[in-house]
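1. After the sequence you'll find the predicted model.
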Amino acid sequence: MKETVIKTNKLTKRFGDFVAVDEISFEVHRGEIFGFLGANGAGKTTAMRMLCGLSIPTSGEANVAGFDVFRETEEIKKNIGYMSQKFSLYEDLTVLENIEFYAGIYGLTDKEIKDKSDELISKLGLRNEAKKLVGSLPLGWKQKLSFSVAIVHQPKIVFLDEPTGGVDPSMRRQFWDLIYDAADKGITIFVTTHYLDEAEYCNRVSIMVDGRIDALDTPAGLRKQFGVGTMDEVFYKLARQAKRSAD
Amino acid sequence: MKQLFTFVKKEFYHVFRDWKTLLMLFGLPVIQIVVFGFALTNEIKKANIVVVDNAKDLASQQIIDKMEGSKFFSLQKTLMSSSQIDAAFKEGTIKLAVVFPVNFNTDLLHLNKASIQVIADASDPNTAITLTSYVSSIVGDYQAQLVPTSAIPFTIQPEVRMLYNPDLKGAPNFVPGVMAMVLLLVCVMMTSVSIVREKELGTMEILLVSPVKPLMVIIAKAIPYLFLSLINLCAILILSVYALDLPIKGSLLLLFGESALLIITALSLGLLVSTVTSSQQSAMFTSMLGLMLPTMLLSGYMFPIENMPIVLQLISNIVPARWYYIIVKAVMLKGLGFSAIWKETLILAGMAVFFLALALRNFKIRLE
């Protein structure tokens, strides 16, 4: 029996008359890489924000890392990591200072921070750049650093919102190596992406259309279900049904 | 507590690495003090005036001697016709002309009445009024010397004493004004910009997902600017004491306490600005427009509030700088204690609480 770390039941978010997220129900297991796909405006970000405790759902139920999204958002925040679409490190701080800051606000002790910084810097091969400003690093490095910082406090789940935007394919490959590495350590990965080849890297994939989850299975299962050869075709088959246009 | 410390440390990194802003923060008050103190002043020194002495007698000579002795005038003695005087005014080479009539002394002695013509260039009314009043007072002085010898039984001699600022220097007036402006600008603009920057960069989202409490974000943002403002305040006071010879008559502690109150009001305002704007530019623009102008125009340090239309007088009540200006003048120039300014302090404190409550409410709503 796999441990469930995210469980939603008819989770809904309305903004006035507009139903951004329409009764989505799904489960995510521990250590899983869960892909969250959908066209722009399909409701991915809103759904993710609800799970992170940034936005209160209108109705339905959701449980993240064992805590309720209505009542226990503070507890959820301690147990998750988050990496946003926008690059989210401070460019005028050094690599080391960024790690120290994020580790510090998650309440790690000085010794833990020091060990963790050392470990991260040698793992990412940033030994020579540790004291350089983050602004001077290439984008691919920044993104890898950003991900490492998002899991610096060993969260149960890490939410990645389009983490590889604008990065070249070889860097994306390296980035996914980091993701696999984290998943091996038992961190659950919840990732939204635009790149359909990346969907293949996920253990399971859900596809959102107009606020609903229209498909959810392993990549192989989805290809079989829709009788097509690639995730690209699965996605376009579903996306064509969308009535909502991208904002 | 350790979280807060980590956060404040990060904010200081931001402040110290942005040397352009830092330069502006400390350059602005220094330049303002120097410019206001030495260049912009209401006093007129060495104004070019022409004296046309048609009388050439004892009385006219004595008055002219007095004028020459004055530091306000740079005298030019020539016999000019009225059309020449006119031309000189048009060229702008003179600011004032004094003309003595032919029989000045005789008229004065025999008729007990003589007149002098004083012509001023009133295209700049302030200068004209100041200069004519200098002339009047010199003539009045001379008259006073004559009084014992003449037979006027009653004279009323008003003795004017200018309290707190006997030399009518400009500095005592604008130093409190500059203090108000710098503290407000630094705190409101810097706080709002630094919060909005996190929103713009997307790091605010990361902070909101972290266990950090919004209140802590705010406090951590405010501390560096509180600190910088106090340093700025010291710089202004040192400059005004040593460079402008403006002593601080009242309690220094009280002055700092009241300034801290203004800083807190300003930080709350900055926070409020940050909750209603979404880009650094608009935050900067809002703080500049919403604060610089009212602070300069409606706090009473450039234009007296009593002379304003009633609508502006009412609006000036909500300008924090107005109250701070009164407080600083009372403490710095008059040397008064807390009992004289408790009302203004209370108003300022009320504003701080109001803005802070409003800002916190807005800040929480934004988390939705």
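-> Alright, I've got the coordinates.

2. Chain B contacts on chain A?
-> Within reach of chain B by Cβ under 8 Å from any Cβ of the partner chain, chain A has these residues: A:52-56, A:74, A:77-78, A:80, A:82-90, A:92-93, A:97, A:100-102, A:104-107, A:150, A:159. For the C-beta atoms, the positions are set from N, CA and C on the backbone; glycine is no exception.

3. Mind checking which of the residues you listed are in helices?
-> Cross-referencing the residues of chain A next to chain B against helices under DSSP state H gives A:74, A:77-78, A:97, A:100-102, A:104-105, A:150.

4. quick one: stretch A:136-144 to chain centroid distance?
-> Here stretch A:136-144 shows a centroid-to-chain-centroid distance of 18 Å under the convention Cα atoms, centre = their mean, to the nearest Å.

5. should've said stretch B:111-126
-> 31 Å.

6. what do you get for stretch A:106-121?
-> Distance, centroid of stretch A:106-121 to centroid of chain: 23 Å (Cα atoms, centre = their mean).

7. Stretch A:232-247 too?
-> 21 Å.

8. For residue B:62, which residues are in contact?
-> Applying Cβ atoms under 8 Å, 6 or more residues apart in numbering or on different chains, we find residue B:62 in contact with residue B:142.

9. Any figure for the gap between it and residue B:122?
-> Separation of residue B:62 from residue B:122 (Cβ to Cβ, to the nearest Å): 28 Å.

10. Among the ones in helices among the residues of chain A next to chain B, find me the one that's closest to chain B.
-> Ranked by distance to chain B (Cβ to the nearest Cβ), these are led by residue A:104 at 3.1 Å.

11. okay, the closest residue to that closest one other than its chain neighbours: pLDDT?
-> In space, and not counting its chain neighbours, residue A:104 is closest to residue B:6: 3.1 Å by Cβ to Cβ, 6 or more residues apart in numbering or on different chains. Residue B:6 carries a pLDDT score of 90 in this model.

12. to the chain's geometric centre, what's the distance from the host helix or strand of residue B:6?
-> Using DSSP states H and E, residue B:6 sits within helix B:2-17. Taking the mean of its C-alpha atoms, helix B:2-17 sits 34 Å from the chain's own mean (Cα atoms, centre = their mean).

13. coming back round to it: what would the ones in helices among the residues of chain A next to chain B look like in CSV with pLDDT, distance to residue A:207 and neighbour count?
-> What follows is those, written out as CSV (pLDDT from 0 to 100; distance: Cβ to Cβ, whole Å; neighbours: other Cβ atoms under 10 Å in any protein chain shown):
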residue, pLDDT, distance to residue A:207, neighbour count
A:74, 87, 32, 11
A:77, 90, 28, 22
A:78, 90, 31, 16
A:97, 93, 40, 20
A:100, 93, 39, 22
A:101, 93, 36, 21
A:102, 93, 32, 28
A:104, 92, 38, 22
A:105, 91, 35, 23
A:150, 92, 24, 24
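
14. what two of these are the furthest from one another?
-> Within those, A:74 and A:97 form the most distant pair, 26.4 Å apart (Cβ to Cβ).

15. Pop out the phi and psi values for residue A:154.
-> With angles defined as degrees, to the nearest 10, residue A:154 sits at phi 50, psi 60.

16. Who are the contact partners of it?
-> residue A:187.

17. gap between it and residue A:113?
-> For residue A:154, the distance to residue A:113 - Cβ to Cβ - is 13 Å.

18. could you pull out the helices for chain A?
-> Counting by DSSP H, chain A has helices at residues A:44-51, A:73-79, A:95-105, A:110-123, A:139-150, A:169-184, A:196-199, A:219-226, A:231-239.

19. And for the stretch 51-200 of chain B?
-> With helices called from DSSP state H, counting those that start in this stretch, the stretch 51-200 of chain B shows them at B:58-69, B:82-91, B:104-106, B:125-146, B:171-201.

20. what's the most buried one of those?
-> Most buried of those, by mean neighbour count (mean count of other Cβ atoms under 10 Å in any protein chain shown): helix B:171-201, with a mean of 23.

21. how many neighbours does the residue in the stretch 101-250 of chain B that chain A sits nearest to have?
-> Proximity of the stretch 101-250 of chain B to chain A (Cβ to the nearest Cβ) peaks at residue B:202, 2.9 Å away. Residue B:202 has 15 neighbours, counted by other Cβ atoms under 10 Å in any protein chain shown.

22. what about residue B:55, neighbour count?
-> Residues lying near residue B:55 (other Cβ under 10 Å) number 23.

23. Then residue A:114?
-> The number of residues packed near residue A:114 is 14, by other Cβ under 10 Å.

24. Chain B versus that one, what's the distance?
-> 13 Å (Cβ to the nearest Cβ, to the nearest Å).

25. buried residues in the helix or strand containing residue B:275?
-> Taking DSSP H and E as the criterion, residue B:275 maps to helix B:252-276. By neighbour count with 16 or more other Cβ atoms under 10 Å in any protein chain shown, helix B:252-276 contains the buried residues B:254-256, B:258-259, B:261-275.

26. okay, and for the stretch 151-300 of chain B, where does confidence drop off?
-> Counting by pLDDT under 70, the stretch 151-300 of chain B contains low-confidence ranges at B:151-171.

27. Within range of chain A, give me the residues from it.
-> B:201-203, B:205-212.

28. so which pair among those is furthest apart in space?
-> B:201 and B:211 (20.2 Å).

29. how about the residues of the stretch 151-300 of chain B next to chain A in a markdown table, adding secondary structure?
-> Shown next, in a markdown table, are these (DSSP: H, G, I helix; E, B strand; the rest coil):
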| residue | secondary structure |
| --- | --- |
| B:201 | helix |
| B:202 | coil |
| B:203 | helix |
| B:205 | helix |
| B:206 | helix |
| B:207 | helix |
| B:208 | helix |
| B:209 | helix |
| B:210 | coil |
| B:211 | coil |
| B:212 | coil |
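
30. Since that was my last question, I'll sign off now.
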